[in-house]
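1. Sequence isn't available, so here's the structure alone:
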């Protein structure tokens, strides 16, 4: 007999402003407990050092979390020049130091040009990427270092927002990038390019896919609402599942088309896109899920939400 899931059937997306010093999974578990939700998952880890946008998917919305995992991200970060660490951030052991007082704002601006566009990036040993089934950071904590393959990522925007000189200059960076980009690797690569070493001292994610920091809510807000039993206001903070899919074309079905696609059958749709994934909704506006355009022009169901639980 299947074990009954504990909690209530909460559905939707919570855009959390993850606080400093909390792992993504810890933040998820806190939010899940506050909502007493039966099912929840996050959409891409943020290091404990990092703050900012962490979309959490509840219930049926978890079916679409991959679209947020694959989405572009944006960050604001501060790099410290002249100090390299084992982890590429402020939490790691210092491995090298240098007097970086010779580095100018113009030097940094020029060096950043090499990291825009499509680049090859070697992930940090302290990343969550798995090798032979084990996350690299676990191997690193055991004192092991393994060869990592460079991965192709795209940095769509990389700007120097502020420069504070000295023997350990600090630079404020803004970047927009594809999934799988490691900001600490950008810092380390910049430090190598400047010949002085560098690490990340602060990191804030300002956007994940369609969600920005302006859409987010903090754990303290949720805790205050919960303690005052303002549960309806908590639920009102949850966004519909289809807000994660704004980049997909929308296909509307008649009631009969909706009936058949819910049975797992492809349906014909006039004027449908030529190919690819689509959002599927009824003509009434009710969201059904995600479908895929077949070669014959029909829409086949791929991820459908369950209603009436």
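-> Sure, I can see it. What you see is a predicted model, and the numbers here were worked out from it, not measured in a lab.
2. residues of stretch 230-242 that come out buried?
-> Within stretch 230-242, the residues that count as buried by 16 or more other CB atoms under 10 Å are 234, 237, 238, 239, 241, 242. Just so you know, the C-beta spots here come from the backbone N, C-alpha and C atoms, and that holds for glycine as well.
3. Helices - which of those residues land there?
-> Among the buried residues of stretch 230-242, DSSP state H puts residue 234 in helices.
4. Could you dump the buried residues of stretch 230-242 into TSV with distance to residue 211 added?
-> Below are those laid out as TSV (distance: CB to CB, whole Å):
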residue	distance to residue 211
234	18
237	12
238	13
239	8
241	13
242	13
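5. Can you tell me which of the buried residues of stretch 230-242 is closest to residue 107?
-> Checking these against residue 107 with CB to CB, the nearest one is residue 239 at 42.9 Å.
6. The closest one contacts residue 12, doesn't it?
-> Yes: shown here, residue 239 and residue 12 form a contact pair, counting by CB atoms under 8 Å, at 5.8 Å.
7. where in the stretch 51-200 of the chain is pLDDT low?
-> 125-128, 132-133, 136-137, 139-140, 142-144 (pLDDT under 70).
8. How are the helices of it distributed by residue range?
-> Counting by DSSP state H, counting those that start in this stretch, residue ranges of the helices within the stretch 51-200 of the chain are 65-69, 105-112, 136-141, 183-194.
9. My guess is residue 92 contacts residue 47. True?
-> No: in this structure residue 92 lies outside contact range of residue 47 using CB under 8 Å: 11.2 Å.
10. what about these two, which has more around it?
-> Neighbours were counted for residue 92 and for residue 47 using other CB atoms under 10 Å; residue 47 has more, 22 against 18.
11. quick one: that one and residue 207, what's the gap?
-> Between residue 47 and residue 207 the distance is 17 Å, computed by CB to CB, to the nearest Å.
12. what's the answer for residue 76, then?
-> Relative to residue 207, and taking CB to CB, residue 76 is found at 10 Å.
13. wait, residue 119 sits on residue 158?
-> No: taking CB under 8 Å as the definition, residue 119 is not a contact partner of residue 158, at 10.0 Å.
14. For burial, what's the neighbour tally of the residue nearest to residue 176 when sequence neighbours are not counted?
-> The shortest distance from residue 176 to any non-neighbouring residue, by CB to CB, 6 or more residues apart in numbering, is to residue 157 (4.1 Å). Using other CB under 10 Å, residue 157 has 11 other residues around it.
15. Could you pull up the contacting residues of residue 157?
-> 74, 116, 174, 175, 176 (CB atoms under 8 Å, 6 or more residues apart in numbering).
16. still on that earlier bit, pick the most buried one from the helices of the stretch 51-200 of the chain.
-> helix 183-194 (a mean of 22; mean count of other CB atoms under 10 Å).
17. tell me what that helix is packed against?
-> strand 73-81, helix 105-112, strand 117-121, strand 170-177, strand 198-208 (3 or more CB pairs under 8 Å, 6 or more residues apart in numbering; DSSP states H and E).
18. would JSON lines of these with distance to residue 24 be doable?
-> JSON lines is the format used below for the helices and strands packed on helix 183-194 (distance: least, CB to CB, whole Å):
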{"stretch": "strand 73-81", "distance to residue 24": "13"}
{"stretch": "helix 105-112", "distance to residue 24": "28"}
{"stretch": "strand 117-121", "distance to residue 24": "21"}
{"stretch": "strand 170-177", "distance to residue 24": "18"}
{"stretch": "strand 198-208", "distance to residue 24": "11"}
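19. Out of these, which is closest to residue 214?
-> strand 198-208 (9.2 Å).
20. following that closest one, which helix or strand shows up next?
-> Remark: after strand 198-208, the chain's next helix or strand is strand 211-212, criterion DSSP states H and E.
21. With that, I have no additional questions.
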